[in-house]
Each structure stands twice: as C-alpha cells, then as structure tokens.
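Here is the input, now give the coordinates:
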Amino acid sequence: MPAEFGDDPQRYASAKVRKNYAGSSPITRQPGKKKIGLARHIRQDRLVDALQMQAYCALTHPPGARAYYDELHGRGQAHNPALRKPANRLVGILHGCLKTGTPYDEATAWSHRAEREPDTLMEPSHPMAV
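Predicted structure coming up:
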C-alpha cells in the first residue's frame, strides 16, 4: 500500500482525498430525495486489491473491524459491499496514523463503534448507512 499511495506526506490533503484516490469511498448520487452510494469502478486496481485483503484479514484480528462487518452484513449487505466499508475506514485510519506519526491503536481506531447505541443505527434500507 505505501508504494501505491506514494511517500510524499503532503500528497493527500485529507483522508477523504486519500480514500477517493484508493477507490474505497463510495460515489454518492442523489436523484431527487433518494441518496444512493455506488462503488467506484475507475480506481487503482492493485491498491484496491491490497485494501480488500487488508480488510479481509482485519476481520480475524481486530474485534472492532469484525463487529463493523457483522453489523453491515446483518443489515442485509452482501459480502463485498460490507467489506468495502471497513476497507474505507482502514484507509482513513492509515491517513491519520501517517499524518500524526502514531502507530495503529485498536482502541482508538474503532472506539466510535463501541460508543454507538443500537437504537441510533440508520435504517437498513439507507444505502449510505455507515
């Protein structure tokens, strides 16, 4: 992943820019009152493959990533869309770690998931529920 992202620390102004480059963030369409999130098809294939592998491996070790995936999968999302969202989150975590120069910390990375109450989750029919 570092080879695909490059080594210039100023290249990505924000985590969103890094996620867009990686192709892990969804394309949002809003025709009328409905908001739709679609997967990106123009992207860096080697980088996307590495991110998908990282997200898949994260399902076995960090309990936060696994809980997030299980929540998405439990709401009816198929495997690949449910795996893209933890991959997208991991890109944001990577950006934060590189920007601040801190190592990955499981408690910090997924603490926002532990704080959420089950009744505050978005409806399963909402495609952008993250």
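
who touches the longest helix along the chain?
Secondary structure of the chain read by DSSP state H shows that its longest helix is helix 79-100. With contacts defined as CB atoms under 8 Å, 6 or more residues apart in numbering, helix 79-100 is touched by 1, 9, 12, 14-15, 18-19, 22, 24-26, 39, 51-52, 54-56, 58-59, 65, 68-69, 72-73, 102-104, 109, 130. No exception for glycine: its C-beta is placed from N, CA and C like everyone else's.

Need the CA coordinates for the next helix or strand along the chain from it. CSV is fine.
Of the helices and strands lying after helix 79-100 in sequence (DSSP states H and E), the nearest is helix 106-109. What follows is helix 106-109 as a C-alpha-only set of coordinates in CSV (Å, rounded to 0.1, in the frame of the first residue of the first chain):
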residue,chain,number,x,y,z
GLU,A,106,-7.1,-0.8,18.1
ALA,A,107,-8.9,1.1,20.9
THR,A,108,-8.6,4.4,19.2
ALA,A,109,-9.4,3.2,15.7
